[in-house]
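Have a look at this fold, sequence not included:
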């Protein structure tokens, strides 16, 4: 396993892929118990995990520690693309055991076994622990789940780095000179993070979200606020104020050299929370990031070309595409859409905050989506985005996702708290793999 010592951090960063288990060990592993497999994997994980983590999780951990916030959370993990057979569970559990004190503090992990059949969006793994034990680890365990499940179901060994370069080059070109950051660390395992990020940089990306990735081209990882941090502020301050309060906390504790970029889709009130955050931070707010999930229509966005609100836009002389036109799927419906971003840009401008930039994430590894937004700018006569964050710049990829779905001072006092569109989806069949024996409860 090739490693390099990063002069700035002192971390040994893996730079090439080697199998977690040798072929002989892999063949033998079928006869091992779950605990024996996990123990074997723990021994093979790197000493340090921090270089492979999205920077906003590291910063969130710092904020929570300084704010004295450490409630218990219930987190659920799913893969949107299915059905199939899940793999990487054992290594994900090994990472949680090695890099946290989850067992010592009485935490629990419920999970399917490697090789189990799963359905699209089925809950595959549930973690219950104090948030400070696990918030740094999301990138790591999602990456191994994504990579191993993709490898098995889609008959690939590794990411095609030439494809990464080519696709990123196309996205960067389509973005028209606006910065594009590689945000895909959780889409593949840590062993290839540096190589993928370097290929993305060679394709024109201006940055990467992990230190392991960004260090390959002489930079540090970038990132501000994840939904996980907003969930904690929703618990302490109320969901209505989660976006504002988490951004204010970031502003209190993170070095001023880091731009203040608010993540504003948590409540599916992209416009209202952007305006509230702009008011709260004043000139300190650099940008808002729109990451509306595929379950939600963004605030101000159009459901279809026949949406009643579309009439007003047509009266303003805007030529909206019909539902059967090429770009319609990027204008209407759920996720980050042209109509939703246009409504947000318009609202910020009308509020006198044309200085607040817009960063878009979620689905922009698809170059056709970027091109559709650029064509929409010509139709609308406005700049819809100032920067992009992209992850899915290679295929196939069965990307795993984590959502916090409950928070409490203790596990017995859990209350449902999650970003809009991603509530708890119980899977009572999941066996307990870490912790004291107990059934996985509902809410």
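Yes, it's here. Since this is a predicted model, take the numbers as computed values, not measurements.

Just give me the neighbour total for residue 222.
Neighbours of residue 222 under the rule other C-beta atoms under 10 Å: 22. All C-beta spots, glycine's among them, are computed from the backbone N, C-alpha and C.

what about residue 256, how many neighbours?
As a burial measure, residue 256 scores 8 neighbours (other C-beta under 10 Å).

Can you say which helix or strand has it in it?
Assigned by DSSP states H and E, residue 256 belongs to no helix or strand.

for it, what are its contacts?
Listed by C-beta atoms under 8 Å, 6 or more residues apart in numbering, residue 256 has no contact partners.

For the stretch 151-300 of the chain, just list every one of the strands.
Residue ranges of the strands in the stretch 151-300 of the chain, as given by DSSP state E, counting those that start in this stretch, are 180-182, 207-208, 260-263, 285-290.

May I see those strands arranged in a markdown table, with mean neighbour count, distance to residue 297 and mean pLDDT as well?
Below are those laid out as a markdown table (neighbours: other C-beta atoms under 10 Å; distance: least, C-beta to C-beta, whole Å; pLDDT from 0 to 100):
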| stretch | mean neighbour count | distance to residue 297 | mean pLDDT |
| --- | --- | --- | --- |
| strand 180-182 | 26 | 26 | 98 |
| strand 207-208 | 27 | 30 | 98 |
| strand 260-263 | 25 | 18 | 98 |
| strand 285-290 | 22 | 13 | 98 |
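
Would you mind giving these as TSV with distance to residue 144 added?
Below are the strands of the stretch 151-300 of the chain laid out as TSV (distance: least, C-beta to C-beta, whole Å):
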stretch	distance to residue 144
strand 180-182	19
strand 207-208	19
strand 260-263	25
strand 285-290	26
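
Tell me which of the ones you listed approaches residue 368 most closely.
Across the strands of the stretch 151-300 of the chain, the minimum distance to residue 368, taken as C-beta to C-beta, is reached by strand 180-182, at 15.2 Å.

same for the closest one, what does it pack against?
Using 3 or more C-beta pairs under 8 Å, 6 or more residues apart in numbering; DSSP states H and E, the elements in contact with strand 180-182 are helix 161-175, helix 193-202, strand 207-208, strand 387-390.

Comparing these, which comes out most buried?
strand 207-208 (a mean of 27; mean count of other C-beta atoms under 10 Å).

just to revisit the earlier point, wait, which of the helices and strands packed on strand 180-182 is closest to residue 240?
In terms of C-beta to C-beta, the element of these nearest to residue 240 is strand 387-390, at 26.0 Å.

What lies in contact with the closest one?
168, 171, 175, 178-184, 205, 209, 287, 289, 357-361, 364-365, 370.

coming back round to it: how about the helices and strands packed on strand 180-182, which one is nearest residue 322?
Once the helices and strands packed on strand 180-182 are compared by C-beta to C-beta, helix 161-175 is nearest, at 23.2 Å.

can you list contacts of that closest one?
The contact list for helix 161-175 (C-beta under 8 Å, 6+ apart) reads 180, 182, 195-196, 199-200, 202-205, 364-365, 367, 370-371, 374, 388, 390, 393-395.

Try it again at 7 Å.
With contact meaning C-beta atoms under 7 Å, 6 or more residues apart in numbering, helix 161-175 is reached by 180, 195-196, 199-200, 202-205, 364-365, 367, 370-371, 374, 388, 390, 393-394.

mind checking how far it is from the chain centre?
Computed by C-alpha atoms, centre = their mean, to the nearest Å, the separation of helix 161-175 from the middle of its chain amounts to 20 Å.

what's around residue 115, how many residues?
Neighbours of residue 115 under the rule other C-beta under 10 Å: 11.

And it, how close does it get to residue 427?
From residue 115 over to residue 427 the distance is 17 Å, taken as C-beta to C-beta, to the nearest Å.

Go through the longest helix seen in the chain and flag the buried ones.
Ranked by residue count under DSSP state H, the longest helix found in the chain is helix 138-154. Under the neighbour-count criterion of 16 or more other C-beta atoms under 10 Å, helix 138-154 has 138-153 buried.

Just the element for the closest residue to residue 380 other than its chain neighbours, please.
Closest residue to residue 380 apart from its sequence neighbours, by C-beta to C-beta, 6 or more residues apart in numbering: residue 342 at 5.7 Å. For residue 342, the host element (DSSP H and E) is helix 338-350.

Return the residues in contact with residue 136.
Residue 136 makes contact with 53, 57, 58, 61, according to C-beta under 7 Å, 6+ apart.

just curious, which of these is nearest to residue 190?
residue 53 (8.8 Å).

And this structure, what are its domain boundaries?
As given by automatic domain parsing, the domain ranges for the chain are 33-156+399-434, 168-390.

would you list those in a markdown table and tack on distance to residue 440?
Listed next are these as a markdown table, based on distance: least, C-beta to C-beta, whole Å:
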| stretch | distance to residue 440 |
| --- | --- |
| domain 33-156+399-434 | 5 |
| domain 168-390 | 19 |
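
thinking residue 409 is in contact with residue 69, fair?
No. If you go by C-beta atoms under 7 Å, residue 409 and residue 69 don't touch, sitting 10.8 Å apart.

of the two, who's got more company?
When neighbours are counted by other C-beta under 10 Å, residue 409 and residue 69 differ, and residue 69 comes out ahead with 17 against 13.

From what I see, the more buried one and residue 236 are in contact.
Yes. Between residue 69 and residue 236 there is a contact at 6.4 Å, judged by C-beta under 7 Å.

ok, back up a step: among the helices and strands packed on strand 180-182, which is nearest residue 296?
Comparison of those against residue 296 by C-beta to C-beta identifies strand 387-390 as nearest, at 18.3 Å.

Give the next helix or strand downstream of the closest one.
Trace forward from strand 387-390 with DSSP H and E and the next one is strand 400-408.

and that following strand, how far from the chain's centre?
With C-alpha atoms, centre = their mean as the basis, strand 400-408 stands 12 Å off its chain's centre.

elements contacting it?
Judged by 3 or more C-beta pairs under 7 Å, 6 or more residues apart in numbering; DSSP states H and E, the packing partners of strand 400-408 are strand 72-79, helix 138-154, helix 227-237, strand 415-416.

Report the buried residues of the host helix or strand of residue 370.
Element membership for residue 370 (DSSP H and E) is helix 367-380. Buried residues in helix 367-380, counted by 16+ other C-beta under 10 Å: 367, 369, 370, 371, 372, 373, 374, 376, 377, 380.

if we can go back for a sec, most neighbours of all the contacts of residue 136, which one?
residue 53 (29 neighbours).

Show the backbone phi and psi for residue 364.
Main-chain dihedrals, residue 364, degrees, to the nearest 10: phi -90, psi 10.

Based on its surroundings, how many neighbours for it?
Residue 364 is flanked by 23 other residues according to other C-beta under 10 Å.
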